[in-house]
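Trainee: here is my input, please return the structure:
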Amino acid sequence: RLIYDNYGYDTQILAASVRHTMHILECARIGADVITAPLAAILGLLKHPLTDSGLAQFLKDHNK
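Mentor: A predicted model of the protein is given here:
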């Protein structure tokens with residue numbers, strides 16, 4: 001990404017066959033424009049242990 005931007009190349013970066021949620025995050029960090037990944041990896045971005053515990057605590061407090 002840095003080289004393409006440095007020289008002003010009009011191109012897009014495709015990250016193919018991304019298999020893990022952490023790899024998706026890394027692709028975003030380095031500036032990939034498009035990825036191909038299985039749905040399970042993409043849906044994995046929606047799950048995080050802190051989000052789950054925060055939501056559980058919120059619902060517990062709400063029910064009081």
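Trainee: surely A32 meets A16?
Mentor: No - between A32 and A16 no contact is recorded; they are 9.7 Å apart, counting by CB atoms under 8 Å. No exception for glycine: its C-beta is placed from N, CA and C like everyone else's.
Trainee: okay, these two: which has more neighbours?
Mentor: Each of A32 and A16 had its neighbours counted (other CB atoms under 10 Å), and the higher figure belongs to A32 (17 against 9).
Trainee: now that one, what's its secondary structure?
Mentor: Taken by DSSP: H, G, I helix; E, B strand; the rest coil, the conformation at A32 corresponds to coil.
Trainee: for it, report the pLDDT, please.
Mentor: Reported pLDDT at A32 in the predicted model: 96.
Trainee: nearest spatial neighbour of it, skipping sequence neighbours?
Mentor: Excluding its sequence neighbours, the residue lying closest to A32 (CB to CB, 6 or more residues apart in numbering) is A15, at 4.2 Å.
Trainee: could you list the buried residues of stretch 28-42?
Mentor: Buried residues in stretch 28-42, defined by neighbour count with 16 or more other CB atoms under 10 Å: 32, 35, 37, 41.
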